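Asks: Following is a predicted model, sequence given first.
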Amino acid sequence: MDEADILGDRIDLGHELTYVLPYSAAKDGAFVELFRDLDVKLPDLGISSYGVSDTTLEEVGHISPTDGKGSYQVRGWSLKRQQFVALMWKRFLYARRSRKGFFAQIVLPAVFVCIALVFSLIVPPFGKYPSLELQPWMYEDQVTFISDDAPGDANMQKLLNSLLDAPGFGTRCMDGHPIPEAPCTMGDEDWHTPDVPDSVQQLFSSRNWTMEDPSPACFCSCDGRKKMLPDCPPGAGGLLPPEMMLSATDTLQNLTGRNISDYLVKTYAQIIGKRGFLGSQLAVDSVLRMSSISSNTLTNLSPRQIWFNNKGWHSIGAFINVMNNGILRAHLPAGADPSRYGISAFNHPLNLTKEQLVTTSVDVLVSICVIFAMSFVPASFVVFLIQERVSKAKHMQFISGVQPLLYWVANFIWDMCNYIVPATLVILIFVCFQQKAYVSSTNLPVLALLLLLYGWSITPLMYPASFFFTIPSTAYVVLTSVNILIGINGSISTFVMELFGNNVRINDILKNVLLIFPHFCLGRGLIDMVKNQAMADALERFGENRFRSPLEWDMVGKNLFAMAVEGVVFFIITILIQYRFFIKPSKLTKLGALGDEDEDVARERQRIVHGLGHGDILELRQLTKVFKRKQKPAVDRLCVGIPPGECFGLLGVNGAGKTTTFKMLTGDTVVTSGEAFLAGKSILREIDEVHQNMGYCPQFDAINELLTGREHLELYAVLRGIPEKEVCDVAEWGIRKLSLAKYADKAAGSYSGGNMRKLSTAMALIGAPPVVFLDEPTTGMDPKARRALWNCIHSVIKEGRSVVLTSHSMEECEALCTRMAIMVNGRFRCLGSVQHLKNRFGDGYTIILRVTGHDPDLLPVMKFIESELSGSTLKEKHRNMLQYQLPSSLTSLAHIFSILAQNKDTLCIEDYSVTQTTLDQVNTHLRCSSSPAVMPY
């Protein structure tokens with residue numbers, strides 16, 4: 001077969017040689033001679049088995065493979081620096097193209113702070129109320145009384161006259177002092193006694209009443225009977241006293257000679273009823289119901305008693321001013337007009353008290369809005385991290401050589417740089433609004449420290465959430481809500497407790513405990529700073545300087561210190577979670593006996609167990625994975641060694657354990673028991689070194705949707721240690737080999753499924769790692785791209801590197817795999833080369849015959865096959881086509897081709913083909929012969 005090297009291709013897979021033979025050799029009998037010689041010389045040539053199959057339509061053309069690596073690999077600190085810059089560049093590209101991130105991190109904080117500050121300008125300032133004149137008419141018409149207990153005293157008489165004569169009480173009816181809403185009238189000149197029922201008059205004339213017992217008693221509340229007002233019989237309080245209407249429209253009663261206390265208590269209900277009867281529109285608790293002026297026959301220095309109802313807040317001041325006006329007018333010179341003299345009393349609002357400052361300061365509301373605004377920023381940082389973890393992009397970066405510590409340091413530095421932008425905007429907004437509580441020379445640096453240290457501490461606090469959430473939007477909503485609740489509720493609760501001041505000790509404990517939350521440190525720090533400034537401004541009006549430095553420990557100092565420490569602590573916790581520090585090794589449940597194994601699988605297990613696999617670049621020793629709450633292991637004690645330059649295939653249905661095996665080997669999931677070594681490094685103890693020697697194409701694409709295909713390849717080239725000047729060339733190699741030139745500069749999120757698989761495969765091949773894991777790499781690819789990938793894999797094998805792949809394409813496994821294993825229920829059912837498996841587990845050969853003519857007679861051909869090839873089974877029969885299945889043990893390929901070539905023309909056979917049992921049939925046969933219960937993992 002000299003033409004084989006000229007007309008066909010030879011693919012060298014280490015343990016197998018695959019030749020593409022010219023089709024003409026099947027017609028001229030060359031195949032008969034070739035297969036007969038092979039049958040005779042198999043032992044001499046060291047060939048264990050051989051087979052034949054038709055050429056597929058995809059096997060067209062070859063592209064010369066080239067390396068996906070640079071001239072050398074950057075190592076040490078230079079590599080760390082290069083990887084750090086690449087990780088920062090990746091975050092920059094994502095941030096530049098993420099509109100949602102820009103809105104959540106930049107727009108929202110600025111908008112909320114602006115709204116709060118605009119609101120603070122709209123709300124009128126507190127404490128600037130007008131003064132209030134204190135006069136009786138502020139309570140409208142009054143029922144007042146006067147008692148003259150010293151009728152012979154000249155001074156008292158002058159005082160009484162000044163109260164009764166014009167202008168009357170206060171300054172309401174003075175000349176030149178009109179009050180439109182309270183006009184004066186002509187008052188009564190004499191006293192008159194209101195009429196009373198005859199029954200009341202008879203009551204008082206029937207017995208002698210004294211000052212101690214002046215009238216019938218009333219009945220008040222008792223234990224069994226609760227009442228708001230006493231029950232008083234008719235006549236309680238005595239006969240109605242003389243009264244007169246004053247010019248100020250007040251009713252004045254004369255209680256001279258009466259027990260005033262007894263009268264007031266017993267007539268309280270009557271007066272309320274009387275006022276209601278007279279049509280009063282005023283409520284009891286909003287007016288001074290009754291006031292009295294009692295003058296005693298004493299010297300000029302004798303005290304005057306003023307009765308007032310404390311239901312009226314300003315009553316005492318108003319009626320003291322009435323007495324002062326009476327005293328003034330009683331001492332006027334002779335001939336002076338009393339209506340031109342008067343005293344007006346005004347109540348000017350005091351400066352805000354401490355409680356008013358605390359409760360009414362708008363700056364406290366601004367502080368709450370700052371907490372609300374800055375709660376969105378750190379929560380948005382986690383969205384990107386969750387996307388990378390869920391899509392496996394984060395794991396791909398670890399496999400590419402990035403250490404977890406470097407990954408988190410780079411993300412933290414980027415997030416802090418990103419956080420500085422909204423924090424600076426917030427500070428600038430405060431400066432523009434010139435809020436003294438925030439931007440004074442002493443408070444502005446504290447505001448900046450609070451915001452910066454809040455970002456320093458809250459950002460790593462958010463990171464652990466990226467390990468637990470799987471939906472980024474859910475994480476964003478939950479974390480934002482938690483930030484707002486802790487920040488606002490914690491700050492307001494301690495603030496309210498300070499107002500009441502009843503639980504000072506509990507409040508102090510609560511404030512110290514809540515310091516573990518950066519949200520509380522920010523909110524409470526802003527409130528304390530605002531309170532300090534407000535108190536200082538209030539006391540400054542009295543000439544006192546009580547301003548305290550906000551950096552004092554009892555002010556904001558402890559908050560700043562707590563956040564500085566928390567940033568370090570939370571970051572360390574994140575690193576420990578990444579390294580699974582808090583995950584206890586699961587106890588391995590006792591596994592059942594392995595039972596009978598295929599002889600090839602058992603032989604490989606013995607080789608590995610006895611330590612004969614040290615020359616293998618990848619070695620699996622009893623590798624096992626048992627998931628929690630699962631009865632069967634997903635991967636059950638796999639043992640296999642893969643030497644350099646081998647393409648090893650894993651076949652099996654979904655749930656057989658292929659992807660789980662890959663996840664354990666790449667460090668994506670914890671190994672339950674067993675061990676594996678890659679390039680002499682343990683996946684349990686030296687996973688970072690293992691990652692530097694592998695490439696990985698996961699089952700689902702680890703793609704960042706906002707980065708282009710070219711940017712992906714450049715990123716992973718840099719992470720792999722490709723020299724910076726060669727990164728573009730290596731990325732171009734991946735683009736060209738996987739036919740991505742048309743889409744290279746488009747966002748990867750717009751790629752089709754096949755193009756995404758191309759990109760993922762190119763990322764795995766970048767940097768020429770010694771071992772490449774490909775989990776269904778050609779899913780969704782077109783035939784041309786699939787063939788191009790096969791050629792790339794061939795080049796990898798020829799360079800002495802190993803490939804481990806899974807695939808649902810049996811043709812792909814036949815074309816690529818030097819050795820393969822079929823997995824069923826987490827175990828190897830068979831192990832060996834493709835041809836070896838076909839010979840051991842196949843059903844022989846498939847013969848397809850096509851007879852000349854439109855509707856030929858197939859009976860002669862059928863009789864010929866049944867007589868010459870005994871044991872053959874007719875599988876399909878169509879108009880001019882016959883398909884037979886022939887066990888390989890009953891004949892040889894040479895005999896088959898010999899009889900067909902000799903009788904082709906006699907039987908009118910237009911063409912024929914002989915194909916060995918396909919790998920798909922072998923896979924189906926082994927799967928059906930095993931346990932039917934296949935649990936997905």
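Replies: Received it, and whenever you're ready, just let me know what you need.
Asks: Give the helix, strand or coil label for residue 258.
Replies: At residue 258 the chain is in coil, as set by DSSP: H, G, I helix; E, B strand; the rest coil.
Asks: can you map out the helices along the stretch 651-800 of the chain?
Replies: Assigned by DSSP state H, counting those that start in this stretch, the stretch 651-800 of the chain shows helices spanning 658-666, 687-691, 709-719, 727-737, 753-765, 783-798.
Asks: got a markdown table for these, with mean neighbour count too?
Replies: Bear in mind the C-beta positions are built from the backbone N, C-alpha and C, glycine included. Shown next, in a markdown table, are these (neighbours: other CB atoms under 10 Å):
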| stretch | mean neighbour count |
| --- | --- |
| helix 658-666 | 24 |
| helix 687-691 | 19 |
| helix 709-719 | 25 |
| helix 727-737 | 21 |
| helix 753-765 | 25 |
| helix 783-798 | 20 |
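Asks: Nearest to residue 433, out of these?
Replies: If you check each of the helices of the stretch 651-800 of the chain against residue 433 by CB to CB, helix 709-719 wins as the nearest, at 41.3 Å.
Asks: Please state the offset of that closest one from the chain centre?
Replies: Per CA atoms, centre = their mean, to the nearest Å, the displacement of helix 709-719 from the mean C-alpha position of its chain is 28 Å.
Asks: ditto for stretch 816-835
Replies: With CA atoms, centre = their mean, you get 44 Å for stretch 816-835.
Asks: And for stretch 876-887?
Replies: Distance of stretch 876-887 from its chain centroid, counting by CA atoms, centre = their mean, is 63 Å.
Asks: now it: mean pLDDT?
Replies: For stretch 876-887, mean pLDDT is 85.
Asks: which residues sit against it?
Replies: Residues external to stretch 876-887 that are found in contact with it (CB atoms under 8 Å, 6 or more residues apart in numbering): 843-856, 858, 861-862, 865, 869, 871-875, 896, 910.
Asks: okay, the helices of the stretch 651-800 of the chain in a markdown table with mean pLDDT next?
Replies: Formatted as a markdown table, the helices of the stretch 651-800 of the chain follow (pLDDT from 0 to 100):
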| stretch | mean pLDDT |
| --- | --- |
| helix 658-666 | 91 |
| helix 687-691 | 89 |
| helix 709-719 | 93 |
| helix 727-737 | 89 |
| helix 753-765 | 89 |
| helix 783-798 | 82 |
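Asks: can you redo these as CSV with distance to residue 239?
Replies: As requested, the helices of the stretch 651-800 of the chain are exported to CSV (distance: least, CB to CB, whole Å):
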stretch, distance to residue 239
helix 658-666, 104
helix 687-691, 106
helix 709-719, 105
helix 727-737, 113
helix 753-765, 106
helix 783-798, 117
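Asks: quick one: which of the contacts of stretch 876-887 sit in strands?
Replies: Among the contacts of stretch 876-887, DSSP state E puts 845-851, 873-875, 910 in strands.
Asks: ok, which pair from those residues is furthest apart?
Replies: 873 and 910 (22.4 Å).
Asks: list the helices and strands the lengthiest helix in the chain packs on?
Replies: For the chain, the longest helix by residue count, based on DSSP state H, is helix 404-433. With contacts taken as 3 or more CB pairs under 8 Å, 6 or more residues apart in numbering; DSSP states H and E, helix 404-433 sits against helix 76-97, helix 108-122, helix 362-374, helix 376-390, helix 393-399, helix 436-439, helix 443-462, helix 558-578.
Asks: For residue 547, give me its contacts.
Replies: If you count contacts by CB under 8 Å, 6+ apart, residue 547 has them with 442, 532-533, 536.
Asks: Save those residues as a markdown table, and put in neighbour count too.
Replies: Listed next are those as a markdown table, based on neighbours: other CB under 10 Å:
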| residue | neighbour count |
| --- | --- |
| 442 | 15 |
| 532 | 22 |
| 533 | 22 |
| 536 | 17 |
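Asks: returning to what we had before: quick one, which of the ones in strands among the contacts of stretch 876-887 are buried?
Replies: Buried by 16 or more other CB atoms under 10 Å: 845-849, 851, out of the ones in strands among the contacts of stretch 876-887.
Asks: CSV for the residues you listed, including pLDDT and distance to residue 698?
Replies: Conversion of those to CSV gives the following (pLDDT from 0 to 100; distance: CB to CB, whole Å):
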residue, pLDDT, distance to residue 698
845, 81, 38
846, 84, 36
847, 86, 42
848, 88, 39
849, 89, 45
851, 89, 50
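Asks: Looking at these, which one is closest to residue 187?
Replies: Of all these, residue 187 sits closest to residue 846, with 130.6 Å by CB to CB.
Asks: As a markdown table, the contacts of residue 547 with secondary structure, distance to residue 813 and pLDDT would be great.
Replies: Below are the contacts of residue 547 laid out as a markdown table (DSSP: H, G, I helix; E, B strand; the rest coil; distance: CB to CB, whole Å; pLDDT from 0 to 100):
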| residue | secondary structure | distance to residue 813 | pLDDT |
| --- | --- | --- | --- |
| 442 | coil | 74 | 88 |
| 532 | helix | 75 | 81 |
| 533 | helix | 75 | 79 |
| 536 | helix | 80 | 78 |
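Asks: now residue 579: how far from residue 516?
Replies: Distance, residue 579 to residue 516, using CB to CB, to the nearest Å: 23 Å.
Asks: just residue 522 next, same as before
Replies: Applying CB to CB, the value for residue 522 to residue 516 is 13 Å.
Asks: quick one, which of those two is more surrounded?
Replies: Neighbours per residue, other CB atoms under 10 Å: of residue 522 and residue 516, the larger number sits with residue 522, 27 against 14.
Asks: Let me see the contact set for the residue nearest to that one when sequence neighbours are not counted.
Replies: Of all residues not flanking residue 522 in the chain, residue 454 sits nearest, at 4.3 Å (CB to CB, 6 or more residues apart in numbering). Residues in contact with residue 454 (CB under 8 Å, 6+ apart) are 374, 518-519, 521-522, 563.
Asks: just to revisit the earlier point, indicate which one of the helices and strands packed on helix 404-433 is closest to residue 44.
Replies: Comparison of the helices and strands packed on helix 404-433 against residue 44 by CB to CB identifies helix 393-399 as nearest, at 45.6 Å.
Asks: Pull the residues that contact that closest one.
Replies: Helix 393-399 is contacted by residues 87, 385, 387-389, 404, 407, 666-668, 691, 694-696, 698, 702-704, 716, 719, 763 when judged by CB under 8 Å, 6+ apart.
Asks: What of stretch 92-102?
Replies: Residues from elsewhere that reach stretch 92-102 (CB under 8 Å, 6+ apart): 380, 383-384, 414, 418, 704, 706-707, 711, 747.
Asks: Compute the first-to-last residue distance for it.
Replies: The straight-line separation of the ends of stretch 92-102 (CA to CA, to the nearest Å) is 12 Å.
Asks: what is the mean pLDDT for it?
Replies: Mean pLDDT, stretch 92-102: 90.
Asks: Which neighbours in the sheet does the helix or strand hosting residue 828 have, and how are they oriented?
Replies: Assigning secondary structure by DSSP states H and E places residue 828 in strand 827-832. Sheet pairing of strand 827-832 (DSSP bridges) gives strand 819-824 (antiparallel).
Asks: Only alpha carbons, please: show the strand it pairs with as CSV.
Replies: C-alpha atoms of strand 819-824 as CSV (Å, rounded to 0.1, in the frame of the first residue of the first chain):
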residue,chain,number,x,y,z
ARG,A,819,-6.8,5.0,25.3
MET,A,820,-10.2,5.3,26.8
ALA,A,821,-12.5,4.1,29.6
ILE,A,822,-16.2,3.7,29.7
MET,A,823,-17.7,4.8,33.0
VAL,A,824,-20.9,3.4,34.5
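Asks: What angle do helix 658-666 and it make with each other?
Replies: Strand 819-824 and helix 658-666 are oriented at 120 degrees to each other (axes from the mean of the first three to the mean of the last three CA atoms, to 10 degrees).
Asks: Can you give me the buried ones in strand 819-824?
Replies: Residues of strand 819-824 classed as buried: 819-824 (neighbour count, 16+ other CB under 10 Å).
Asks: quick check, nearest of those to residue 510?
Replies: residue 823 (58.2 Å).
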